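>>> just a sequence and a predicted model for now, questions to come.
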Amino acid sequence: MICLNRSTFLLSNAGISSSHSPFSGRHRRSVLSVPSSLRVAAVNSNRDRNSSVFMESTFKDVRDGAVSSSSVIDVDSKSNIAPGGPADVYGEDTATEDQVVTPWFVSVASGYSLLRDPHHNKGLAFTDAERSAHYLRGLLPPAVVSQELQVKKLMYIIRQYQLPLQKYMAMMDLQERNEKLFYKLLVDHVEEMLPIVYTPTVGEACQKYGSIFTRPQGLYISLKEKGSIREVLRNWPEKNIQVIVVTDGERILGLGDLGCQGMGIPVGKLALYTALGGVRPSACLPVTIDVGTNNENLLNDEYYIGLRQRRATGQEYAELVHEFMSAVKQTYGEKVLIQFEDFANHNAFDLLAKYSTTHLVFNDDIQGTASVVLAGLVAALRVVGGTLADHTFLFLGAGEAGTGIAELIALKISKQTNMAMEEARKKIWLVDSKGLIVSSRKESLQHFKKPWAHEHEPIKTLLDAVNDIKPTVLIGTSGVGRTFTKEVVEAMASFNVKPIILSLSNPTSQSECTAEEAYTWSQGRVIFASGSPFTPVEYEGKTFVPGQANNAYIFPGFGLGLIMSGAIRSHDEMLLAASEALAAQVTQENFDKGLIYPPFRNIRKISAEIAAKVAAKAYELGESFFVRIHPSAICSYGSQYMYQLHHFLL
């Protein structure tokens, strides 16, 4: 039985003090990040249970990070950890070590507890030797089943479910039982399972989060915690956090204000940070900031799990967010990456601008979307020809996604041509709910739209804007479905041999047009990609595979690159580097199928390449303060920094 206020550490080799421990010097590991819910024993491979020395420390000492020679193993503050990488006390991977360390093991005082710890539970994959070593005899059936066979069995079960939400719930249940098996299954079947754990299914999961909620994932920081957020962060069992994904739930995908139920987004994003980007799951922290919701349906829903009040705004909101940002930096240091997710436009731009100079921050809706779309456009140029500066861009949607993409395109044009940003922006036109954004509307525009107000007569409809501007590229970020009508697509095809149309809004129901509509209405000439996945389309005997401009191509590798480099600030040049790295992965075979993005089955290799390029750019910009190898070497080590799913050292 586990005592809630005591943690017992078992050290092998009786009579050896901490100063003479086999873990001293460069190989010594801190035991402070061992989950408080699990009593652990650090023992070597020739462990002698009768010669063990018990060392006790109170739960409070461990939680608060107090270290004393009488309570825990001495911590080597100069342990040789790779940039940005906290010590991995479980030996679960070598992703943050710059040389191989002699393997060692963690043994639990209760095998029953081990089977209920998702971080270390292997289910039937525990070998006979491990079952003897970790008190598992009798707690499992006698068969030893490989991880691969477990994946096969679970995929069979999941495929029996008819509804995507049922598959989502099965995957979340697996993540809570057997973490490594969850990631192994997700990586091995990424093209099939990505739409389940991420868009579009995660949108439905957020809408119904209160109804399907069984056990909490991540941290919920509400107005009730104002003034004590740092204490709340200390309640999280993992102390070495590298990535935080945080939302306030006000603009979840294209679904609007889902309040506290937006937690599905940070949970899903961080699952992809591990599966696709190789960031250790123990280093990831999902957070929802709950300031209420203006969604009447949720406020009246008996199953709603958040604060039942209208959204806090103004100073009250700003103070809570600022306390959170300060507490994160104080608790986890400057190198922790904070990813803003699904904040409403009126907060997203301000938060990014405010904290980009003081924290390592990244807004996936503004910057991640921009980077992945730019990568698709750069790749598409190899089909249509010319440079970005030779093309004209028209957006439907002028929110954080639309303006973020537009700004990164303009930056790329500016750098390629030495053109001033103001001139580069004139290649790009935006349409919002009131029509084309033009100079005569400038006084009434939100600040982030004003740079896109060009000289032109007012135009009310998208079709009129297409016919007048004659863009070569049409991009949808409106969040409104079926707005790329047959007339709009046919107009694009009338003055472009190969029109580029990106229908990016999520979920699928909000997509500006379907893949089938785009290919059919353009007589199979369109270069198409969407935000949500679509099945292949056959048109006049040829099969087209629609690409998905999915942020999952960018943010896992981008985040890993920041961690690898030890950067404490993010820059737009790093986003450009990520875009170029992704575009370079598209092959002629992909183009022949109509793709402007590489297949997701290669995503871990792609993420490693992106991470290497981002780390190299950080080095070039002087942000890589802790990097220990030259960027030319980083490029060959990207994949080695990644969390390895096959490592099962306990």
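Yep, it's here. Fair warning: this is a prediction, and the values are worked out from it, not measured in the lab.

>>> centroid-nearest residue for the protein?
K269 (3.6 Å; Cα atoms, centre = their mean).

>>> list the strands paired with the host helix or strand of F395, with their directions.
Per DSSP states H and E, F395 falls inside strand 393-396. Strand 393-396 sits in its sheet next to strand 428-432 (parallel), strand 473-476 (parallel), going by DSSP bridges.

>>> show me what contacts the closest residue to T520 other than its chain neighbours?
Leaving aside its sequence neighbours, T520 sits nearest to Y539 (Cβ to Cβ, 6 or more residues apart in numbering; 6.2 Å). Where you see a C-beta, it was placed from the backbone N, CA and C, and this is true even at glycine. Residues near Y539 by Cβ atoms under 8 Å, 6 or more residues apart in numbering: 519-520, 523-524.

>>> per-residue confidence at the residue nearest to the centre of the chain?
pLDDT recorded at K269 is 96.

>>> beta partners for the spatially closest residue to it that is not a sequence neighbour?
Take K269 and drop its neighbours on the chain: the residue closest to it by Cβ to Cβ, 6+ apart is V245, 4.6 Å away. Note on V245: beta-bridge partners by DSSP bridges are P286, Q339.

>>> V245: what's it in contact with?
Counting by Cβ under 8 Å, 6+ apart, V245 has contacts 265-266, 269-270, 273, 284-287, 339, 341.

>>> related to what we said a few turns ago, quick one, which of the contacts of Y539 are buried?
Among those, those classed as buried by 16 or more other Cβ atoms under 10 Å are 519-520, 524.

>>> narrow the residues you listed to those in helices?
519-520 (DSSP state H).

>>> of the buried ones among the contacts of Y539, closest to A578?
Y519 (28.8 Å; Cβ to Cβ).

>>> nearest residue to I603 in space, please, no chain neighbours.
In space, I603 is closest to L276, 4.9 Å off (Cβ to Cβ, 6+ apart).

>>> surely that neighbour meets R604?
Yes. At 6.4 Å, L276 counts as touching R604 under the criterion of Cβ atoms under 8 Å.

>>> overlap in contacts of those two?
V187.

>>> neighbour count for the two, which is higher?
Comparing L276 with R604 by other Cβ atoms under 10 Å, the one with more neighbours is L276, at 26 against 22.

>>> check contacts around that one.
Counting by Cβ under 8 Å, 6+ apart, the residues that L276 touches are 187, 190, 552, 556-557, 603-604, 607.

>>> taking the residues you listed one by one, which sit in helices?
Short answer: the contacts of L276 in helices (DSSP H) are 187, 190, 556-557, 603-604, 607.

>>> including pLDDT and distance to S530, could these go into a markdown table?
Listed next are those as a markdown table, based on pLDDT from 0 to 100; distance: Cβ to Cβ, whole Å:
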| residue | pLDDT | distance to S530 |
| --- | --- | --- |
| V187 | 91 | 23 |
| V190 | 93 | 18 |
| P556 | 96 | 20 |
| G557 | 95 | 21 |
| I603 | 91 | 18 |
| R604 | 90 | 23 |
| S607 | 93 | 21 |
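
>>> looking at those, which is nearest T293?
P556 (29.0 Å).

>>> neighbours of the closest one, how many?
With other Cβ under 10 Å as criterion, P556 counts 30.

>>> which residue, other than its chain neighbours, is closest to it?
P556 sits nearest to G277 (Cβ to Cβ, 6+ apart), 2.6 Å away.

>>> what about the strands in the stretch 451-600 of the chain?
In the stretch 451-600 of the chain, the strands defined using DSSP state E, counting those that start in this stretch lie at 473-476, 500-503, 527-530, 537-539, 542-544, 547-548.

>>> oh sorry, the question was meant for the stretch 251-400 of the chain
284-290, 337-340, 360-363, 393-396.

>>> which other residues reach the last one?
I take that to be strand 393-396. Residues contacting strand 393-396 (Cβ under 8 Å, 6+ apart): 402, 405-406, 409, 427-431, 462, 465-466, 469, 471-478, 483-484, 512.

>>> for whichever helix or strand comes after it, buried residues please.
Next in sequence after strand 393-396, counting helices and strands by DSSP H and E, comes helix 400-417. For helix 400-417, burial by neighbour count (16+ other Cβ under 10 Å) applies to 400-414.

>>> pLDDT below threshold where in the stretch 1-150 of the chain?
1-109 (pLDDT under 70).

>>> now E225: closest residue in space that isn't a chain neighbour?
V232 (5.1 Å).

>>> tell me the SS of that neighbour?
helix (DSSP: H, G, I helix; E, B strand; the rest coil).

>>> local confidence estimate at it?
V232 is given a pLDDT of 97.

>>> how about the one 10 residues further on?
Model confidence at Q242, expressed as pLDDT, equals 96.

>>> I figured it hits S282, correct?
No. When contacts are counted by Cβ under 8 Å, Q242 is not listed as touching S282 (9.3 Å).

>>> what segments of the stretch 101-250 of the chain are helices?
Using DSSP state H, counting those that start in this stretch, the helices of the stretch 101-250 of the chain run over 111-114, 128-133, 147-160, 164-177, 179-188, 190-197, 201-207, 209-212, 229-234.

>>> what's the fifth one in contact with?
Contacts made with helix 179-188 from outside it, assessed by Cβ under 8 Å, 6+ apart, are listed as 118-119, 121-123, 125, 147, 150-151, 154-155, 171, 174-175, 193-194, 197, 271, 274-276, 281, 604, 643, 645-646, 648.

>>> ok, now with 7 Å
118-119, 123, 147, 150-151, 154-155, 171, 174-175, 193, 197, 274-275, 281, 604, 645 (Cβ atoms under 7 Å, 6 or more residues apart in numbering).

>>> and G368, what does it touch?
551, 554-555.

>>> quick check: the gap between it and L582.
To L582, G368 is 11 Å away according to Cβ to Cβ, to the nearest Å.

>>> what is in contact with the two at once?
Common neighbours of G368 and L582 (Cβ under 7 Å, 6+ apart) are I554.

>>> low pLDDT regions in the protein?
1-109, 625-641, 645-650.

>>> can you do 50?
Scanning the chain for pLDDT under 50 picks out 1-108, 627, 647-650.

>>> sorry, back to before: tell me which of the strands of the stretch 451-600 of the chain lies nearest to D364.
strand 547-548 (15.4 Å).

>>> isn't R601 up against V190?
Yes. Look at R601 against V190 with Cβ atoms under 7 Å: they come within range, at 6.2 Å.

>>> who has more neighbours, those two?
V190 (20 against 14).

>>> ok, now which ones touch the spatially closest residue to that one that is not a sequence neighbour?
Closest residue in space to V190, ignoring its immediate chain neighbours: F600 at 5.1 Å, by Cβ to Cβ, 6+ apart. By Cβ under 7 Å, 6+ apart, the residues touching F600 are 190-191, 194.
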